[in-house]
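Asks: compute the structure for the input listed below.
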Amino acid sequence: MGTPMRRSTVPNWHVRRTNETMRLIITTFVGIIFGFLLGVSFPKLSLSKVNVSSNIFSSIDLTYVEDKHSGLSTQALLNIWSHLRGRRARKSNDTEIWVPTNPRGAERLPPGIIVPETDFYTRRLWGLPGEDLIIKPRYLFTFTVGYEQKNNIDAAVKKLTENFTILLFHYDGRTSEWDEFEWSKRAIHVSVRKQTKWWYAKRFLHPDIVAPYDYIFIWDEDLGVENFDPEEYIKLVKKHGLEISQPGLSPDSGMTWQMTKRREDTEVHKDTEERPGWCTDPHLPPCAAFVEIMAPVFSRDAWRCVWHMIQNDLVHGWGLDFALRKCVEPAHEKIGVVDSQWIVHQTVPSLGNQGEAEKGKAPWEGVRERCRNEWSMFQDRMTAAEKAYFQAMGIDPPNSTAR
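Replies: Next comes the predicted model:
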């Protein structure tokens, strides 16, 4: 005889009811999730119905919904879970800082902590920072110096008030000797051997470093200042609206251009007459909009432009004086020579002596040859840059204004 088979005591209708209950629970769960996704996506409804459908349903694989047992597959549940986790992650990333308008490289910083500019103000090592400075100098006076010209520099610095920060660039490497002057202990000293004024200017006078100063003096060392008062000079610069200027040169100074020669009958002049054929336009250098590079004075705004124009490898600055006018407008009104505050150019060839003798040439001859070459190179670069710009803009390039 066969073994009798045990029959289930659970009715079939009860099994079916249990399965239906499970489907109802799962369907309810899916409905809740669906409703949640619809709610968080609702702001996008006003933009595009297509976007809503793609945003909601792209994360749910509908091919799995119609599973014969539960109405929803494991894969669909994983898709929903992944979508929720992704939203939480994006919400968390919203707390990361990224401000495109911040200075380049500082996009991850909160704008309130950024200090984009600095200065040459010295600070104490103790006390509260807000109490460090009794006065903030408004003007920066720089000299490129060798120790042999110490008396010239001493005479000039003694004319400066507390409104000036003093910055010395030492091309001969001698800095400690300057401590014989009391003021030297308050000055800023930068020493790199055998470098020029414009080499220093490009590297240490970035516009964001000198931003606190209204005017920046970038002077040679061989200038007599017996008839020069820096505070009076600045008053005249402001009075006549000069953005780029220099003191007049005494008639017995070594000079190249008539524009920089001092006049005795005026406070300031902005134009002159040169030798025939030298000026194609009375508003252009060297008859106007022109100062030399030995003793220029720049406003803060003008210097920001000039600094960017200084070439990194052309260190003597020859040709730069003809291009200064590109940084102010109208140049023939905002560039001028202050006659009533004048100086003497002593023409000491100190920097030339820092060169090296080559091929039978004296040190100064090699330096002078490079000066001339740099002038030609600067002209070519300016002309090429202007031409490239106008061509890129689809404009016929005008005649180059770089001399």
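
Asks: mean confidence score for the longest strand seen in the chain?
Replies: Selection of the longest strand in the chain by residue count, based on DSSP state E, yields strand 335-345. For strand 335-345, the mean pLDDT works out to 97.

Asks: show me what the helix or strand following it is packed against.
Replies: Per DSSP states H and E, the first helix or strand lying C-terminal to strand 335-345 is helix 363-392. In terms of contacts (3 or more C-beta pairs under 8 Å, 6 or more residues apart in numbering; DSSP states H and E), helix 363-392 is packed against helix 320-323. Any C-beta I mention is one placed from the backbone N, CA and C, and that applies to glycine too.

Asks: which elements pack onto the helix it packs on?
Replies: The contact analysis (3+ C-beta pairs under 8 Å, 6+ apart) places helix 320-323 against helix 300-309, helix 363-392.

Asks: indicate which one of the ones you listed is closest to P103.
Replies: Proximity to P103, assessed across these by C-beta to C-beta, is greatest for helix 300-309 (14.6 Å).

Asks: what is the distance between that closest one and the centre of its chain?
Replies: Counting by C-alpha atoms, centre = their mean, to the nearest Å, helix 300-309 is centred 10 Å from the centre of its parent chain.

Asks: could you do stretch 366-375 as well?
Replies: For stretch 366-375, the distance to the chain centre is 29 Å (C-alpha atoms, centre = their mean).

Asks: give the buried residues for it.
Replies: Judged by neighbour count (16 or more other C-beta atoms under 10 Å), stretch 366-375 contains these buried residues: 366-368, 370-371, 374-375.

Asks: let me know the closest of the residues you listed to G360.
Replies: Nearest to G360 among the buried residues of stretch 366-375 is G366, at 10.6 Å by C-beta to C-beta.

Asks: for the closest one, give its distance to G317.
Replies: 17 Å (C-beta to C-beta, to the nearest Å).

Asks: same check on R193?
Replies: Distance, R193 to G317, using C-beta to C-beta: 19 Å.

Asks: of those two, give the one with the bigger neighbour count.
Replies: G317 (24 against 10; other C-beta atoms under 10 Å).

Asks: got the contact list for that one?
Replies: By C-beta atoms under 8 Å, 6 or more residues apart in numbering, G317 lies in contact with 196-198, 293, 310, 374.

Asks: and it, helix, strand or coil?
Replies: Counting by DSSP: H, G, I helix; E, B strand; the rest coil, the backbone at G317 sits in coil.

Asks: how near is it to K326?
Replies: G317 is 15 Å from K326, by C-beta to C-beta.

Asks: same deal with F143?
Replies: F143 is 26 Å from K326, by C-beta to C-beta.

Asks: please apply the same query to A211.
Replies: Distance from A211 to K326, by C-beta to C-beta: 21 Å.

Asks: got it, and R262?
Replies: For R262, the distance to K326 equals 26 Å [C-beta to C-beta].

Asks: quick one, which of the two is more surrounded?
Replies: Set R262 next to K326 and count neighbours by other C-beta under 10 Å: R262 wins out with 22 against 16.

Asks: how about that one: what's its closest non-neighbour residue?
Replies: Nearest non-adjacent residue to R262, counting by C-beta to C-beta, 6 or more residues apart in numbering: G248, 3.0 Å away.

Asks: ends of stretch 246-253, how far apart?
Replies: Start to finish, the residues bounding stretch 246-253 are 14 Å apart (C-alpha to C-alpha, to the nearest Å).

Asks: which residues touch stretch 234-250?
Replies: 139, 214-215, 227-228, 233, 255, 260-263, 267-268, 291-292, 294-299, 301-302, 306, 324, 327-328, 333-345.

Asks: repeat the analysis, applying 7 Å as the threshold.
Replies: For stretch 234-250, contacts defined as C-beta atoms under 7 Å, 6 or more residues apart in numbering pick out 139, 215, 228, 233, 255, 260-263, 267-268, 291-292, 295-299, 301-302, 324, 328, 333-345.

Asks: buried only: go through those for me.
Replies: 139, 215, 228, 233, 255, 260-262, 268, 291-292, 295-299, 302, 324, 328, 333-345.

Asks: give the buried residues for stretch 224-237.
Replies: By 16+ other C-beta under 10 Å, the buried positions in stretch 224-237 come out as 224-225, 228, 230, 233-234, 236-237.

Asks: what about these, which are in strands?
Replies: Per DSSP E, those map to strands at G224.

Asks: got CSV for the buried residues of stretch 224-237, with pLDDT and distance to T175 too?
Replies: Formatted as CSV, these follow (pLDDT from 0 to 100; distance: C-beta to C-beta, whole Å):
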residue, pLDDT, distance to T175
G224, 94, 24
V225, 96, 22
F228, 97, 25
P230, 98, 24
Y233, 98, 28
I234, 98, 28
L236, 98, 34
V237, 98, 31
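
Asks: from the buried residues of stretch 224-237, which is closest to G360?
Replies: Using C-beta to C-beta, the buried residues of stretch 224-237 come closest to G360 at G224, 34.8 Å.

Asks: which ones are touching the residue lying closest to that closest one once chain neighbours are set aside?
Replies: The shortest distance from G224 to any residue other than its chain neighbours is 3.5 Å, reached at V344 (C-beta to C-beta, 6+ apart). Listed by C-beta under 7 Å, 6+ apart, the contact partners of V344 are 223-224, 250, 253.

Asks: which of these are buried?
Replies: Those of the contacts of V344 that meet the buried threshold are 223-224, 250, 253, by 16+ other C-beta under 10 Å.

Asks: could you look up the SS state of R104?
Replies: coil.

Asks: okay, now the domains of this structure?
Replies: For the chain, the domain assignment from automatic domain parsing gives the residue ranges 16-93, 136-356.

Asks: winner for burial among the ones you listed?
Replies: domain 136-356 (a mean of 18; mean count of other C-beta atoms under 10 Å).

Asks: span of that one from start to end?
Replies: For domain 136-356, the separation between the terminal residues is 42 Å (C-alpha to C-alpha).

Asks: same check, this time on stretch 185-201
Replies: 22 Å.

Asks: give me the contact list for it.
Replies: Contacts of stretch 185-201 (C-beta under 7 Å, 6+ apart): 120, 144, 166-173, 175, 179, 204, 218, 220, 310, 315-317, 351, 354.
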